[in-house]
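Trainee: Whatever this is, show me its structure:
(one chain, ligands or ions: 1)
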Amino acid sequence: MRISKKCVCGKNHSVSCSSCSKIRMVLLLKSGNRELKYRQKNNRYTNPVWYSPMSKNRKSVQRIIDGMYKRFEKSKYKGVTNKVMFYDNYTKELIISK
Ligand SMILES: [Zn+2]
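Mentor: Alright, predicted model coming up:
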């Protein structure tokens, strides 16, 4: 299990990393809201994905999720999101959806 508080995959990210962060959070936006989605290179739009800060990698899953959810509630996404999904970023398993 990777529990390092630093990026160890080689990408050398400083805050969060798609490989090294412990939690992956996906915001399922209500229909429309394309301007808030992420635009891919192939011009498709996808729901925003946040990764937990690697500095929190040794905290419990619950504490990390609570922190990320608080940050979400203060964000511009709050009113336009149907559901927030939290995944274990290492096993890819769904932990909880709110
Ligand atoms: Zn990394």
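Trainee: Between the two ends of stretch 8-26, how far is it?
Mentor: One end of stretch 8-26 to the other measures 23 Å (CA to CA, to the nearest Å).
Trainee: Now do the helices in this structure.
Mentor: 61-73 (DSSP state H).
Trainee: Going by contacts, tell me the helices and strands next to the helix or strand of it at the bottom of the mean pLDDT ranking.
Mentor: One helix or strand of the chain scores below all others by mean pLDDT, DSSP states H and E: strand 38-39, with a mean of 90. Applying 3 or more CB pairs under 8 Å, 6 or more residues apart in numbering; DSSP states H and E, one finds that strand 38-39 makes contact with strand 45-46. Just so you know, the C-beta spots here come from the backbone N, C-alpha and C atoms, and that holds for glycine as well.
Trainee: Name the surrounding residues that touch the strand it packs on.
Mentor: With contact meaning CB atoms under 8 Å, 6 or more residues apart in numbering, strand 45-46 is reached by 34, 37, 38, 39, 40.
Trainee: switch the cut-off to 10 Å
Mentor: Identification of contacts with strand 45-46 by CB atoms under 10 Å, 6 or more residues apart in numbering yields 26, 29, 33, 34, 35, 36, 37, 38, 39, 40.
Trainee: And the buried ones among the residues you listed, selectable in PyMOL?
Mentor: A single PyMOL command selects the buried members of the contacts of strand 45-46 (16 or more other CB atoms under 10 Å):
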select buried, resi 26+29+33+36
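Trainee: Max pairwise distance over the contacts of strand 45-46: which two?
Mentor: 26 and 35 (17.9 Å; CB to CB).
Trainee: What's the per-residue pLDDT of the residue lying closest to residue 97 once chain neighbours are set aside here?
Mentor: Counting by CB to CB, 6 or more residues apart in numbering, residue 85 is the residue found nearest to residue 97 once chain neighbours are left out, at 4.7 Å. Note on residue 85: pLDDT of 98.
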